[in-house]
Structures are given as C-alpha cells and as structure tokens.
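**Q** got a sequence here, can you build the structure:
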Amino acid sequence: MADESCGQTPAAPATPTKPGARMVKCVKFGTEMEGLDRVPWKGELGQRVYENVSKEAWKLWVEHSKMIMNEYRLNPLDPQSQKVMEEQMEQFFFGEGAKLPEGYVPPRAKA
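**A** I've put the predicted structure just below:
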C-alpha cells in the first residue's frame, strides 16, 4: 500500500454508490464520489475532509495512518500524537500527498 507512488493521485475505483448517497468532488481522486457519512475528525480539518473526501479516499487514509502510527510509535490518546496525525492528514488530502517516514521500508509481501 505505502510506496513511492503514495504522492500520486490513484485512479478512482469503480465502486457503485447507493441511491441518495451524499456525493462530494473528491480531492484525492478528482471525481464525483460517495462522501463520508459523518465528520471523521474534530475541528476545521474534519469539516474540510467531510466536505471534500470520498469514502474510498478515506479508506486509503486509514491504511496510511496505520503505517504512520506504527512507524512513529504514536499513541492515539496523546495530544502530541494527535497533532502529528492531523498534520499528516492535512498533507495526505490537501498537501503534496502522503510522505513516508524517513527510513521507512515497506513490509515484504508473503509468498
């Protein structure tokens, strides 16, 4: 999942949307897609994500955030760790894309 291509915009998946679903112009995929059901983060950033990020793009963030939590050894209950995650989320969706931690080596695929 996390590799050098994380900064590039992935192709939009062809996931069917539910009738009446809330649609957003997804900042990650650049197309109209099904939006999140609720604001996923507190504050202004959470509102921006809710208004501009699709469910599919949020799934990418969840996977990326797991790697960040592990690589930086963050504690989700620690306010400083939450600040790091917020900065990473801002970069992932509204900045230059997902940057990998310095020295990150992706796990090897099991054969």
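**Q** backbone phi and psi for the nearest residue to residue 25 once chain neighbours are set aside, please?
**A** Distances taken as Cβ to Cβ, 6 or more residues apart in numbering place residue 32 nearest to residue 25, at 5.7 Å, with adjacent residues excluded. Any C-beta I mention is one placed from the backbone N, CA and C, and that applies to glycine too. Per-residue torsions, residue 32: phi -70, psi 120 (degrees, to the nearest 10).
**Q** what segments of this structure are helices?
**A** 43-52, 55-71, 79-94 (DSSP state H).
**Q** what's the angle from the longest one to helix 43-52?
**A** I take that to be helix 55-71. Helix 55-71 and helix 43-52 are oriented at 140 degrees to each other (axes from the mean of the first three to the mean of the last three Cα atoms, to 10 degrees).
**Q** now helix 55-71: how far from the chain's centre is it?
**A** 5 Å (Cα atoms, centre = their mean, to the nearest Å).
**Q** CA atoms only: put that helix into CSV for me.
**A** Output of helix 55-71 as CSV, limited to C-alpha atoms (Å, rounded to 0.1, in the frame of the first residue of the first chain):
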residue,chain,number,x,y,z
LYS,A,55,-15.3,7.1,1.3
GLU,A,56,-12.8,5.4,-1.0
ALA,A,57,-10.1,8.1,-0.3
TRP,A,58,-10.8,7.8,3.4
LYS,A,59,-10.1,4.1,3.2
LEU,A,60,-6.7,4.9,1.7
TRP,A,61,-6.0,7.3,4.6
VAL,A,62,-7.0,4.7,7.2
GLU,A,63,-4.4,2.3,5.8
HIS,A,64,-1.7,5.0,5.5
SER,A,65,-2.5,6.2,9.1
LYS,A,66,-1.8,2.7,10.5
MET,A,67,1.7,2.8,9.0
ILE,A,68,2.3,6.3,10.4
MET,A,69,1.1,5.3,13.9
ASN,A,70,3.4,2.3,13.8
GLU,A,71,6.5,3.9,12.3
